[in-house]
Each structure stands twice: as structure tokens, then as C-alpha cells.
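Chemist: need a structure here:
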Amino acid sequence: MELLIQRIYFGIDRLPRYADPIPYSTLPENGIYLFFETGETVEVAGHARNRIVRIGTHREDGRFRKRIQQHFGRKRSLGGNKNESVFRKHLGAALMRRVDKSDPRLPGWLAQMGSSDPRLEEEVSKLLRDRFAFCCFRVDDREERVALKLA
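Modeler: Numbering: from 1, shown residues only. Just a heads-up that it's a prediction; the model follows:
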């Protein structure tokens, strides 16, 4: 298992990393992404590596760039929509819990298609743009994308 992890991280280290501002036109139309958070590391073969904190893809062909945009939020503002991105939803919940573990907004925020909060959406967008980067690789076949993400 350790050898497999080393090979995965070695391969990932060879991929370009993207952070805000994201050059969307250079991203593949179909693919899988791996997110990294600044300061989150894992030791692999005696070296600290940026730890993968999220792996994801998209279901509809040709929507990879849109999927990344759904995570990072709107291009020209800090707005976003946690109902389009489970990643945003979990980050927003973590931000709420950091301030108040029993924040009364949590159930609504975590509910599928639940209520949103524009200020919290802005905080999530800012967090993603300030602390997260990702790499990606092209996978055109939908079934292969979903299978690789779940593997």
C-alpha cells in the first residue's frame, strides 16, 4: 500500500497546480480534480507532501470547468452556492462550527437545497481562494471518471 501511495503522490506532483485566479480556459473539459489546503501535509517516502483533502469530478460531459467554478464561487464576486457544491457546504459548516458548535443555522445550511447565507458564501469563497489549490487530469469517459473517483 505504501508503494502505491508513493506512486500516486509522485504522479500528482508532476501535474500543474491551479489556484485563484484560475485560468479556466486551460482546464480540460472533462476530468478529475484533487484539492489541497495550505498547511495540510502528509509524509510520503520521508517527505512532506501537500495532502489531498478532496477528490471529485463531474457527471455531465463538458462540465469540468463549470464544476471547478461551482466550488470556487463566482468569478467577479465572492458569491457562491453551497447547494451546487457539497465541498462548499462542508467548508461553510466547518466555519460555522469554528465560531459556535451549535450554530442554529447549521441544520438549514447542511440540508439538501437548504437555506443559504450570502455572507457565509463569501467566507467560503474567500477561504477556497486563499487556502486551496488543485490539480487535475483529463478523463473523457463519464463511467471511467466516476469509477476513478470512487476507487
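Chemist: can I assume Tyr24 is in contact with Arg65?
Modeler: Yes - under the criterion of Cβ atoms under 8 Å, Tyr24 lies in contact with Arg65, with a separation of 4.8 Å. All C-beta atoms are positioned from the backbone trio N, CA, C, and that covers glycine.
Chemist: the more surrounded of these two?
Modeler: Arg65 (19 against 14; other Cβ atoms under 10 Å).
Chemist: Sticking with the more buried one, tell me its helix or strand.
Modeler: Element membership of Arg65, judged by DSSP states H and E, is helix 64-72.
Chemist: Now do that helix, average pLDDT.
Modeler: On average, the pLDDT along helix 64-72 is 95.
Chemist: what separates the residue lying farthest from the centre of the chain from Tyr9, distance-wise?
Modeler: Outermost residue of the chain with respect to the C-alpha centroid, by Cα atoms, centre = their mean, is Gly46; its distance is 26.2 Å. When Cβ to Cβ, to the nearest Å is applied, the distance between Gly46 and Tyr9 equals 12 Å.
Chemist: again, but for Gly73
Modeler: Gly73 sits at a distance of 28 Å from Tyr9 (criterion: Cβ to Cβ).
Chemist: ditto for Leu150
Modeler: Per Cβ to Cβ, Leu150 is found 20 Å from Tyr9.
Chemist: do Leu78 as well
Modeler: Counting by Cβ to Cβ, the gap from Leu78 to Tyr9 is 32 Å.
Chemist: before we move on, what about Phe137?
Modeler: Phe137 sits 14 Å away from Tyr9, taking Cβ to Cβ as the criterion.
Chemist: Between these two, which is the more surrounded one?
Modeler: In this comparison of Phe137 against Tyr9, neighbours counted by other Cβ under 10 Å, the higher total goes to Tyr9 at 17 against 13.
Chemist: where's that one, which helix or strand?
Modeler: Element membership for Tyr9 (DSSP H and E) is helix 2-13.
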